[in-house]
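Enquirer: fold the stuff below for me.
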Amino acid sequence: MSRFVLGIGILALLLAAPPAAAGIVPLEDAVAEMAMGRDDAPVTMIEYSSLACSHCAAFHRDVLPKIKETYIDTGKVRLVYRDFPLGGLALVAAMVARCGGRQKYFGFIEVLFRSQAQWSRSDNPRRELARVARFGGISQTDFEACLVNEPLMTDIRERAADAQQKFGIDSTPTFIIEGEKIVGARPFEDFRDVIEKALEKKR
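Expert: Sure thing, here's the model as predicted:
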C-alpha cells in the first residue's frame, strides 16, 4: 500500500468528531487545479508535494520565493501545485487547505509549511490544524465538516495514486518542468537551469 494512504489509526484520531453543516467552498472549487502565475505562461512547472514533508517546507521557504520573483511574477512560468500526501496528517492538512478555496489556497499552503513543526509533531494535531484553519478564516464548525468530506479525501488520494502510476512519483517534493523531472528540494540554480532550457525551446 502506498505511503500516502490514510492510516486507520490517524484517521480515528483526526476524524473523531461527528459531521457538521459546512460553510466551506463547494467540492468543485476544492478539487480545482491550484496554480500561481499566468495561464498563458510559456513554461509549466508541476510540484508534487506533501504538507508534512520537511524538504517540501524547505523548498517553499528557501527556493520558491526566488522562482516566484524571477519566473512566476514575470509571466514566464506557471506553477501548478498537486497534493501527494505522505501519511494521514499530510492528507488532512491538504484537505484543510483545499476547503478554503482557490483564493486562500496558497496562503494556507504557506502557513501550513511555516507551522509544520507545530502541527505535525503535536500530541494533538487536530487542535493545531484547527488553529491554522481559524487563522485562514475557517471556523471550528467548518473545520469539522472539512475533515469528514469524503469526496474531497477520495479525490486527493486518487490523484496522488494517478501521479504515482503515470509519472512514477514516489517521494516529495518532485517537480516536472515541461517533461523534465526534478526530485528533491534542490537549490534555485538547478531549477533555473531547467527553466531556462525550457524557455529557450519555447522561443
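Enquirer: need the contact partners of the lengthiest helix in the chain.
Expert: Counting by DSSP state H, the longest helix found in the chain is helix 150-167. The contact list for helix 150-167 (Cβ atoms under 8 Å, 6 or more residues apart in numbering) reads 2, 4-6, 27, 30-31, 48, 82-85, 91, 94-95, 98-99, 146, 169-170, 174, 176, 181. All C-beta spots, glycine's among them, are computed from the backbone N, C-alpha and C.
Enquirer: in PyMOL, how would I select just the buried ones from these?
Expert: In PyMOL, a selection of the buried entries from the contacts of helix 150-167 looks like this (16 or more other Cβ atoms under 10 Å):
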select buried, resi 4+6+30+31+48+82+83+84+85+91+94+95+98+99+146+169+174+176
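Enquirer: quick one: name whatever helix or strand follows the longest helix of the chain.
Expert: Once the chain leaves helix 150-167, the next helix or strand it forms, by DSSP states H and E, is strand 174-177.
Enquirer: buried residues, the helix or strand just after that next one. List them.
Expert: Per DSSP H and E, strand 174-177 leads on to strand 180-183 as the next helix or strand towards the C-terminus. Neighbour counts over strand 180-183 (16+ other Cβ under 10 Å) mark Ile182 as buried.
Enquirer: likewise for stretch 124-142?
Expert: Here stretch 124-142 shows 125-126, 128-130, 132-133, 136, 138, 142 as buried, counting by 16+ other Cβ under 10 Å.
Enquirer: restricting to C-alpha, output the longest helix of the chain in CSV.
Expert: Only the C-alpha atoms of helix 150-167 are listed here, as CSV (Å, rounded to 0.1, in the frame of the first residue of the first chain):
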residue,chain,number,x,y,z
GLU,A,150,-15.1,12.0,2.0
PRO,A,151,-15.4,13.1,-1.7
LEU,A,152,-12.6,15.6,-1.2
MET,A,153,-10.4,13.0,0.6
THR,A,154,-11.1,10.5,-2.2
ASP,A,155,-10.2,13.0,-4.9
ILE,A,156,-6.8,13.8,-3.3
ARG,A,157,-5.9,10.2,-2.8
GLU,A,158,-6.9,9.2,-6.3
ARG,A,159,-5.0,12.0,-7.9
ALA,A,160,-1.9,11.0,-5.9
ALA,A,161,-2.3,7.4,-7.0
ASP,A,162,-2.6,8.6,-10.6
ALA,A,163,0.6,10.6,-10.3
GLN,A,164,2.4,7.6,-8.9
GLN,A,165,1.2,5.4,-11.8
LYS,A,166,1.7,7.9,-14.7
PHE,A,167,4.8,9.8,-13.7
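Enquirer: surely Arg78 forms part of a strand?
Expert: Yes. Counting by DSSP: H, G, I helix; E, B strand; the rest coil, Arg78 is part of a strand.
Enquirer: who touches it in this structure?
Expert: Arg78 is in contact with 35-39, 41, 43-45, 72, counting by Cβ under 8 Å, 6+ apart.
Enquirer: now those residues in a markdown table, with neighbour count and secondary structure?
Expert: A markdown table is the format used below for these (neighbours: other Cβ atoms under 10 Å; DSSP: H, G, I helix; E, B strand; the rest coil):
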| residue | neighbour count | secondary structure |
| --- | --- | --- |
| Ala35 | 21 | strand |
| Met36 | 18 | strand |
| Gly37 | 21 | coil |
| Arg38 | 14 | coil |
| Asp39 | 7 | coil |
| Ala41 | 20 | coil |
| Val43 | 21 | strand |
| Thr44 | 17 | strand |
| Met45 | 26 | strand |
| Ile72 | 21 | helix |
